[in-house]
Each structure stands twice: as C-alpha cells, then as structure tokens.
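Asker: Structure for the following, please:
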Amino acid sequence: MIGRKESCTSGQISMTDLSCLVYALEEWTVAEFLKKYLFHLIIASLTISAILVFFIVPLIIVFFIYLTNFSLLIYQRKSELKADPLSDVWDSARKSIATFWDIYARIWHGYELHGVENLPDGPGILVYYHGAIPIDYLYFLSRLFLWKKRVCLSVADHFVFRLPGLKFLLEVTGIILGTREECLMALKNGYLVSISPGGVREALFSDENYQLIWGNRKGFAQVARDARVPIIPMYTQNVREGYRTFKERNFALQTSAGFGFSNTPAMLLWVRGFLRQLYESTRLPFTPPYGGLPVKFRTYIGKPIPYDPNITTEELVEKTKTAVQALIRKHQTIPGSIWKALLERFDKRRKSD
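Answerer: As a prediction, this is how the structure comes out:
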C-alpha cells in the first residue's frame with residue numbers, strides 16, 4: 001500500500017485531497033502549537049471578552065465625561081468667556097451638560113428623583129451614600145439644575161483633581177476640595193453643599209449590603225453647626241446593583257486557589273487587609289468598578305435635620321447616619337438584588353416607594 005506521504009507527493013490519488021491537506025497541516029509547527037495551546041487561547045479570548053463586557057459601560061461613562069469637558073472648552077473658546085466658572089454666565093453651558101446627562105439617565109436607568117421639596121431654599125448640606133461609581137449623583141445634579149436652575153457644590157476626593165484634562169469641567173460644575181473655609185464660604189453665599197462622608201473608601205469597600213463606612217468623619221457636622229444650616233440625607237436605590245467593585249472575598253478566594261493555599265480564611269483576611277492598607281497609604285482607588293446594567297435608579301431626598309445648637313457634633317453625626325440608614329432600609333432590598341433591580345427598571349406600574 002502506498003504511504004500517506006507518497007500519495008500526497010507522487011501525484012497518485014489513493015487518498016483524498018482533504019487527507020493530503022490534513023497531513024500537510026500536521027507537518028507544520030504552527031499546527032502543533034495550536035493543537036497544544038488551543039484550549040488556552042480559547043480561555044484567554046473568553047476572558048478578554050468578559051472583561052470588555054464588565055467594563056464597557058464604565059469606560060463609556062469616562063468617555064462621555066471627557067467629551068463633556070472637550071465640548072465645554074470649545075464653548076468657552078467660541079464665546080470668549082472669561083467669567084467666574086460659577087457665575088450665571090455659564091448657565092447655558094450647564095443646561096446643555098445637564099440635559100445630556102439627564103437624557104442618559106432616563107434612557108439607561110429610568111432615573112427618578114423624589115423629595116426635592118425637602119431641599120431648603122437657602123443653604124444646606126446634603127449627605128449621601130457613595131456608590132462604586134457616583135453616576136447617580138451626577139444624575140441628581142443634572143436634574144436639580146434642570147428643575148430648579150440651582151447649582152449644588154460637591155465636595156470631591158483629592159484624587160479627582162489629579163485626573164488629567166478635567167480641571168475646567170470641575171470648576172464649572174462646582175466640584176470643590178471642601179476645606180472648612182471653602183464650605184463655610186459656599187454656605188454663606190447660599191449654596192447647597194454636598195458630601196459623602198464615606199467617600200472613596202465607601203465606594204471601594206461597601207457592597208450590596210449598603211453599610212456606611214464613615215470612620216471618624218465628622219467635619220461635615222461641624223461645618224453645619226458653624227454655619228447653622230440643616231443637613232439633608234440622600235440615597236439612590238439600587239446604586240450598588242448598577243455598578244460594583246470586585247469584592248475582597250471573591251478576590252481572595254481566587255488568589256488562594258490559584259496559589260494553592262488551603263487556609264482560605266487566612267488568605268482572605270490578608271488580601272482584605274492588603275487592599276485596605278493600599279488605599280489608606282495612597283488614597284488612590286486601585287480596585288476598578290465594573291457593571292453598568294440598566295437597573296432602576298431612584299434618588300430619595302429625606303427630611304432635613306434642622307440646626308440645633310443643643311446637640312454636639314458627634315450627636316449630629318449619629319443623627320445624620322441614622323437618617324441615611326433609614327432611607328436605605330425603607331427603599332432598598334438588603335442584600336441588593338440585580339435581578340429585582342432590573343425588573344424594577346421595566347416595571348411601569350411601580351413609580352416610587
């Protein structure tokens with residue numbers, strides 16, 4: 001019988017052309033490589049695809065933020081405006097920005113805002129729960145401006161001001177570092193000032209149980225007492241179901257399995273401590289947010305806590321924390337459910353709680 005090699009090279013046709021092609025491929029080094037590593041290539045492709053799915057919406061949000069900043073700079077150049085970024089001269093630009101983000105909020109999250117009547121006509125301090133991505137807060141700012149033509153100054157973490165290319169957008173939209181003097185001046189000028197005492201720490205280390213992570217933060221309460229203004233609690237329903245950070249527990253389990261550690265609880269505690277220490281030492285959010293599912297977002301503004309000269313700063317902090325937790329208990333399923341949040345997004349019968 002003629003061998004397979006001879007049949008493919010001598011011109012005889014005892015084997016089909018397909019058999020000859022298979023034989024030729026087997027002779028190639030590339031074919032051997034694919035045979036050996038094909039499974040790994042498939043796994044790598046699926047992993048990359050999953051990463052893109054997890055991060056595509058947060059990346060789109062970042063893109064839109066920079067696009068907003070770019071559009072604002074074009075507007076400034078064409079209009080030749082050099083006025084104070086917080087002045088009314090910029091209201092036209094603010095309205096355009098607010099309209100864009102309000103449309104996005106309506107389309108993607110069916111966004112609703114409740115309790116605007118609880119906001120004082122004068123100054124006050126808004127205290128809110130910080131999600132993995134504070135996109136809900138951006139929605140609130142946009143709708144507040146469209147409804148009331150009112151700018152709310154927002155205290156942001158220092159790392160926000162390190163982001164390249166956003167300085168002008170931050171100024172026009174009222175993002176501030178939030179020193180005591182800066183907040184007192186803003187309140188004296190009649191502004192609403194908002195702050196999340198948990199900040200980035202709460203964004204990174206809270207989860208679907210919606211626990212507040214305020215630590216010893218009490219500066220907001222001291223400023224409220226000094227300025228004699230009310231504190232207004234605020235919370236957005238399902239904000240953790242829309243966007244999340246990689247939980248330390250899952251990360252630890254995967255890491256311990258990958259390195260062959262049998263003592264998973266010990267590894268879990270080590271990773272938790274490492275991530276927390278990394279943030280505390282750098283104040284940078286190393287844990288990236290993911291998600292972006294079109295869950296229902298509803299922002300609730302609670303009853304104001306009036307100025308009371310007879311309570312201490314510490315008592316005011318606890319009173320504020322209780323008020324925010326009450327909003328969470330009233331409007332949020334604990335632990336949060338992504339499926340329920342998605343169903344609420346498309347439930348036309350349920351308008352609010």
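Asker: can you list the weak-confidence ranges in the chain?
Answerer: Per-residue confidence for the chain (pLDDT under 70) gives these ranges: 1-54, 246-276, 279-280, 283, 285-286, 348-353.
Asker: redo that, cut-off 80
Answerer: Residues of the chain that meet the criterion pLDDT under 80 lie in 1-55, 81, 246-289, 346-353.
Asker: Please pull up the helix or strand immediately following the longest strand seen in it.
Answerer: Counting by DSSP state E, the longest strand found in the chain is strand 231-237. Per DSSP states H and E, the first helix or strand lying C-terminal to strand 231-237 is helix 239-242.
Asker: which is the next helix or strand following that following helix?
Answerer: Toward the C-terminal end, the helix or strand that comes next after helix 239-242 (DSSP H and E) is strand 243-245.
Asker: and for stretch 161-177, what are the contacting residues?
Answerer: The contact list for stretch 161-177, computed with CB atoms under 8 Å, 6 or more residues apart in numbering, reads 65-66, 68-69, 72-73, 76, 85-86, 90, 93-94, 97, 141, 151-156, 158, 160, 182-183, 186, 191. (C-beta placed from N, C-alpha, C; glycine too.)
Asker: returning to what we had before: if you count contacts, what does the longest strand of the chain end up packed against?
Answerer: For strand 231-237, the packing partners by 3 or more CB pairs under 8 Å, 6 or more residues apart in numbering; DSSP states H and E come out as strand 124-128, helix 135-148, helix 219-227, strand 298-301, helix 313-331.
Asker: Using CSV, write out the CA atom coordinates for the fourth one.
Answerer: It refers to strand 298-301. Taking C-alpha atoms only, strand 298-301 is exported to CSV below (Å, rounded to 0.1, in the frame of the first residue of the first chain):
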residue,chain,number,x,y,z
ARG,A,298,-34.3,56.3,42.2
THR,A,299,-32.8,59.1,44.3
TYR,A,300,-34.6,59.9,47.6
ILE,A,301,-34.0,63.1,49.5
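Asker: Contacts for it, please.
Answerer: Strand 298-301 has contacts (CB under 8 Å, 6+ apart) with 111-116, 118-119, 126, 136, 139-140, 232-238, 327, 330-331, 352-353.
Asker: Of those residues, which count as buried by neighbour count?
Answerer: In the contacts of strand 298-301, burial by neighbour count holds for 111-115, 118-119, 126, 136, 139-140, 232-238, 327, 331, counting by 16 or more other CB atoms under 10 Å.
Asker: if we can go back for a sec, can you check what angle separates the longest strand of the chain from helix 313-331?
Answerer: Interaxial angle, strand 231-237 versus helix 313-331 (axes from the mean of the first three to the mean of the last three CA atoms, to 10 degrees): 30 degrees.
Asker: can you give me the angle strand 231-237 makes with strand 124-128?
Answerer: 30 degrees.
Asker: Alpha carbons only: can I get strand 231-237 in CSV?
Answerer: Coordinates of the C-alpha atoms in strand 231-237 are reproduced here as CSV (Å, rounded to 0.1, in the frame of the first residue of the first chain):
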residue,chain,number,x,y,z
ILE,A,231,-28.3,68.6,56.9
ILE,A,232,-30.3,66.7,54.3
PRO,A,233,-29.9,63.0,53.9
MET,A,234,-29.9,61.4,50.4
TYR,A,235,-29.7,58.0,48.9
THR,A,236,-30.1,56.3,45.5
GLN,A,237,-31.9,53.0,45.3
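Asker: What angle do helix 219-227 and it make with each other?
Answerer: Put simply, strand 231-237 runs at 150 degrees to helix 219-227, going by the same axes, to 10 degrees.
Asker: And the strands in the protein?
Answerer: According to DSSP E, the strands that the chain contains are 112-114, 124-128, 152-155, 175-176, 192-195, 231-237, 243-245, 289-291, 298-301.
Asker: possible to save the ones you listed as CSV with distance to E314?
Answerer: Converted to CSV, the strands of the chain look like this (distance: least, CB to CB, whole Å):
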stretch, distance to E314
strand 112-114, 30
strand 124-128, 15
strand 152-155, 20
strand 175-176, 25
strand 192-195, 17
strand 231-237, 14
strand 243-245, 30
strand 289-291, 32
strand 298-301, 24
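Asker: of all these, which lies closest to T322?
Answerer: Closest approach to T322 among the strands of the chain is made by strand 231-237 (8.9 Å; CB to CB).
Asker: Mind telling me which residue is nearest the centre of the chain?
Answerer: Among the residues of the chain, the one closest to the centroid is I133, at 1.0 Å (CA atoms, centre = their mean).
Asker: Let me see the contact set for the closest residue to that residue other than its chain neighbours.
Answerer: Among residues not flanking I133 along the chain, Y243 sits closest, at 4.3 Å (CB to CB, 6 or more residues apart in numbering). By CB under 8 Å, 6+ apart, the contact list for Y243 reads V57, P58, G131, A132, I133, I135, P289, Y290, G291, G292.
Asker: Confirm for me that the second one is in contact with G292.
Answerer: Yes - here P58 reaches G292: they are 5.9 Å apart, a contact under CB atoms under 8 Å.
Asker: More neighbours: these two, which one.
Answerer: G292 (22 against 18; other CB atoms under 10 Å).
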